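Q: the following comprises the amino acid sequence and a computationally predicted model.
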Amino acid sequence: MIRVVTDSNSQVPPALAQRWDIEVAPLTVVIDGREHRELDLDPDEFFDLLARKPRPEVSTAAPSPGEMAELYRRLAEQGVDQIVSVHLGSEMSATVPSARLAAEMLAAEAVDANAGAPEVHVVDTHAASFIVGCAAWEAAEAVAGGATAAEAAAIATRVAEAAGSVFIVGALDLARAGGRFGESLAGESRSPEPTEPVPVIALIRGQMELIGHAADAAAAAEVMADRVLQSGSGLRVALAVADSESEVLWKGLEQALEGRPEVDELLHYRAGPSVAVHTGAGTAGAVFYRRP
């Protein structure tokens, strides 16, 4: 039996996880020193917190090796002998090292007990948010279609490598504090005022890179739509729905992409706390890729 595992930063919607039997390991979100499982937080309440002045201190932490090992053990007890574990990029989080160490722990336990342990295929997506979710989704679909664990892991890797993202962030200071600014964003040290150009950003191997500026939300939607459509045809596109501040932008992006011949499928996903910690309220964007 094969099972696909991912982490909560993947933003996989619960209905999708249930449909494809994807197991989700929660990241920890720290709010003013208090730890919370991401899956226990209400996104609306969290975005409201980020919009307050003064804003609370927020950060994230990866699942520990012990937590990942416990998840793998639980799956093994259910008869799972192959696990495809698809995670947030190692450039941004310790989730991948935790998953690898957890797999080693289980293997060592099996040797000591003269028993079997599930074989874990850990996929480092070198990506974040719903790119990770799409990689896990495609892997789970492949498993349902009869793929081996190794084949599903290879599919997840290809999807993560091929997928792109484009977005604006509501709080550039949070992005900078998270260490994710690329060189092209060196001059963008704070969130722009409403009268200033809006930076439009892509996430490239763990680093946020500037791809352009827009005069306002409507113009930003056009810049983002152009970026999506330049990636070719046969696209699956997922729009991030965060909070009310981002509604104008994601709806503008939806209008620009809906019905376009390049777009085979237009979806929505909810941007949750582990994304918002590094982007702030008012974040919006899209993930896109050509299906394998």
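A: Noted; the coordinates are in hand.
Q: quick one: the strands in the protein?
A: For the chain, the strands defined by DSSP state E cover 2-7, 22-25, 28-31, 34-37, 58-61, 82-87, 119-124, 164-168, 198-204, 207-214, 235-241, 263-270, 284-290.
Q: pick the most deeply packed of those.
A: strand 82-87 (a mean of 29; mean count of other C-beta atoms under 10 Å). (Glycine included, C-beta is placed from N, CA and C.)
Q: for that one, packing partners?
A: strand 2-7, helix 65-77, helix 95-113, strand 119-124, helix 130-144, helix 149-162 (3 or more C-beta pairs under 8 Å, 6 or more residues apart in numbering; DSSP states H and E).
Q: which among the ones you listed is found nearest to V198?
A: Among the helices and strands packed on strand 82-87, helix 130-144 comes nearest to V198, with 21.2 Å by C-beta to C-beta.
Q: ok, back up a step: dump the strands of the chain to CSV, plus mean pLDDT and distance to V96.
A: Formatted as CSV, the entries for the strands of the chain read as follows, by pLDDT from 0 to 100; distance: least, C-beta to C-beta, whole Å:
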stretch, mean pLDDT, distance to V96
strand 2-7, 98, 9
strand 22-25, 98, 12
strand 28-31, 96, 16
strand 34-37, 97, 19
strand 58-61, 94, 14
strand 82-87, 98, 5
strand 119-124, 97, 5
strand 164-168, 91, 19
strand 198-204, 85, 16
strand 207-214, 84, 17
strand 235-241, 94, 22
strand 263-270, 95, 22
strand 284-290, 94, 19
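Q: so G272 touches D40, yeah?
A: No. Judged on C-beta atoms under 8 Å, G272 makes no contact with D40 at a distance of 11.2 Å.
Q: residues contacting H36?
A: T28, V29, V30, P273 (C-beta atoms under 8 Å, 6 or more residues apart in numbering).
Q: can you get me a residue count around P292?
A: The number of residues packed near P292 is 12, by other C-beta atoms under 10 Å.
Q: equivalent analysis for L253, please.
A: The burial count for L253: 29, using other C-beta under 10 Å.
Q: any idea how far the residue lying closest to it once chain neighbours are set aside lies from A214?
A: In space, and not counting its chain neighbours, L253 is closest to A221: 4.5 Å by C-beta to C-beta, 6 or more residues apart in numbering. Distance of A221 to A214, computed by C-beta to C-beta, to the nearest Å: 8 Å.
Q: and for V86?
A: For V86, the distance to A214 - C-beta to C-beta - is 32 Å.
Q: over to A286?
A: Counting by C-beta to C-beta, the gap from A286 to A214 is 14 Å.
Q: just want the most central residue of this structure.
A: In the chain, the residue lying closest to the centroid (C-alpha atoms, centre = their mean) is S129, at 1.2 Å.
Q: that one contacts N9, correct?
A: Yes. In this structure, S129 is within contact of N9 by C-beta under 8 Å, at 6.5 Å.
Q: intersection of neighbour lists for those two?
A: Joint contacts of S129 and N9 (C-beta under 8 Å, 6+ apart) are V275.
Q: low pLDDT regions in the stretch 51-200 of the chain?
A: The stretch 51-200 of the chain contains residues with pLDDT under 70 at 114, 171-172, 175-196.
Q: hmm, back to that, any chance of the helices and strands packed on strand 82-87 in JSON lines, with distance to L239 too?
A: JSON lines is the format used below for the helices and strands packed on strand 82-87 (distance: least, C-beta to C-beta, whole Å):
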{"stretch": "strand 2-7", "distance to L239": "20"}
{"stretch": "helix 65-77", "distance to L239": "30"}
{"stretch": "helix 95-113", "distance to L239": "25"}
{"stretch": "strand 119-124", "distance to L239": "24"}
{"stretch": "helix 130-144", "distance to L239": "9"}
{"stretch": "helix 149-162", "distance to L239": "18"}
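Q: and of those, who's closest to A15?
A: helix 130-144 (11.8 Å).
Q: what packs against that closest one?
A: strand 2-7, strand 22-25, strand 82-87, helix 149-162, strand 235-241, strand 284-290.
Q: try it again with 7 Å
A: Contact partners of helix 130-144 among helices and strands, from 3 or more C-beta pairs under 7 Å, 6 or more residues apart in numbering; DSSP states H and E: strand 2-7, strand 82-87, helix 149-162, strand 284-290.
Q: alpha carbons of the third one, as PDB, please.
A: Translated: helix 149-162. Presented in PDB, the C-alpha positions along helix 149-162 are these (Å, rounded to 0.1, in the frame of the first residue of the first chain):
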ATOM      1  CA  ALA A 149       6.000   4.900  -5.200                       C
ATOM      2  CA  ALA A 150       9.200   5.700  -7.100                       C
ATOM      3  CA  GLU A 151       7.200   6.700 -10.100                       C
ATOM      4  CA  ALA A 152       4.900   9.000  -8.000                       C
ATOM      5  CA  ALA A 153       7.900  10.600  -6.400                       C
ATOM      6  CA  ALA A 154       9.400  11.300  -9.800                       C
ATOM      7  CA  ILE A 155       6.100  12.900 -11.000                       C
ATOM      8  CA  ALA A 156       6.000  15.100  -7.900                       C
ATOM      9  CA  THR A 157       9.600  16.200  -8.600                       C
ATOM     10  CA  ARG A 158       8.800  17.100 -12.200                       C
ATOM     11  CA  VAL A 159       5.600  19.000 -11.300                       C
ATOM     12  CA  ALA A 160       7.500  21.000  -8.700                       C
ATOM     13  CA  GLU A 161      10.300  21.800 -11.100                       C
ATOM     14  CA  ALA A 162       7.900  22.800 -13.900                       C
END
